[in-house]
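Novice: take this sequence and fold it.
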Amino acid sequence: MVVANVHLDSNPERSDIRIEQLEQVKAEMELEMARCDDICGIVCGDFNFLPESEEEKTVPSNWKDCWTVNGMSKESEFDSTSSSSGWIETWLEQADVGYTSHYGRIDRVFFVTKKADQQALQVKKTTLLGVGVTVKTRNTFVPLSDHDDVYVEFSSQP
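Specialist: The predicted model follows:
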């Protein structure tokens with residue numbers, strides 16, 4: 001299995017950079033999966049684009065979003081993390097950063113197969129970890145991270 005962890009450009013005005021970065025990741029995944037004769041892989045990380053964005057249109061059909069691949073809807077089962085668009089949110093808005101256009105589900109896990117209809121693994125469960133977890137620093141509590149972790153359980157197909 002080939003696994004890639006990414007952190008694409010965070011400037012909300014530079015979808016062109018994220019699209020180019022995504023093209024590079026796609027090419028590397030195809031190369032590595034062919035070289036290793038792997039039938040599946042995982043691409044995960046901070047994509048810095050929302051599921052309804054221009055960048056999403058460049059995601060290949062053989063990359064399956066683990067949040068929706070097993071019939072899970074776009075809507076969140078976590079009321080506290082559901083955005084106005086209905087998408088689950090994995091990034092906590094930080095006013096001092098000014099990148100509020102990325103507020104939403106930008107942290108993703110994609111299951112990648114050589115062919116769009118191939119299923120070597122099955123997504124059993126997708127959820128968030130760390131929602132609302134804080135740590136004490138000096139006299140205040142701060143979020144553990146500005147992102148919530150995406151957790152995915154897989155099972156192998158016979």
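Novice: quick one, strands of this structure?
Specialist: Remark: strands assigned in the chain by DSSP state E are 2-7, 40-46, 63-65, 107-113, 121-129, 134-137, 140-143, 149-156.
Novice: looking at those strands, which is buried most?
Specialist: Most buried of the strands of the chain by mean neighbour count (mean count of other Cβ atoms under 10 Å) is strand 107-113; its value is a mean of 22. The C-beta positions use only the backbone N, C-alpha and C, and glycine is treated the same way.
Novice: direction included, what does that one pair up with?
Specialist: strand 40-46 (antiparallel), strand 63-65 (antiparallel) (DSSP bridges).
Novice: mean pLDDT and distance to I106 added to those, as JSON lines?
Specialist: Listed next are those as JSON lines, based on pLDDT from 0 to 100; distance: least, Cβ to Cβ, whole Å:
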{"stretch": "strand 40-46", "mean pLDDT": "90", "distance to I106": "6"}
{"stretch": "strand 63-65", "mean pLDDT": "89", "distance to I106": "12"}
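Novice: now those in a markdown table, with distance to V6?
Specialist: Below are those laid out as a markdown table (distance: least, Cβ to Cβ, whole Å):
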| stretch | distance to V6 |
| --- | --- |
| strand 40-46 | 4 |
| strand 63-65 | 12 |
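Novice: for L31, find the nearest of the strands of the chain.
Specialist: strand 2-7 (9.5 Å; Cβ to Cβ).
Novice: name the helices or strands packed onto the closest one?
Specialist: Contacts defined by 3 or more Cβ pairs under 8 Å, 6 or more residues apart in numbering; DSSP states H and E place strand 2-7 against helix 15-35, strand 40-46.
Novice: among the ones you listed, which is the most enclosed?
Specialist: Highest mean neighbour count of the helices and strands packed on strand 2-7: strand 40-46, a mean of 20 (counted as mean count of other Cβ under 10 Å).
Novice: and that one with strand 121-129, angle?
Specialist: Comparing the axes of strand 40-46 and strand 121-129 via axes from the mean of the first three to the mean of the last three Cα atoms, to 10 degrees yields an angle of 20 degrees.
Novice: what sits up against strand 40-46?
Specialist: With Cβ atoms under 8 Å, 6 or more residues apart in numbering as the test, strand 40-46 has contacts from 1-8, 10, 25, 29, 32-33, 63, 91, 106-114, 118, 120-121, 147, 150.
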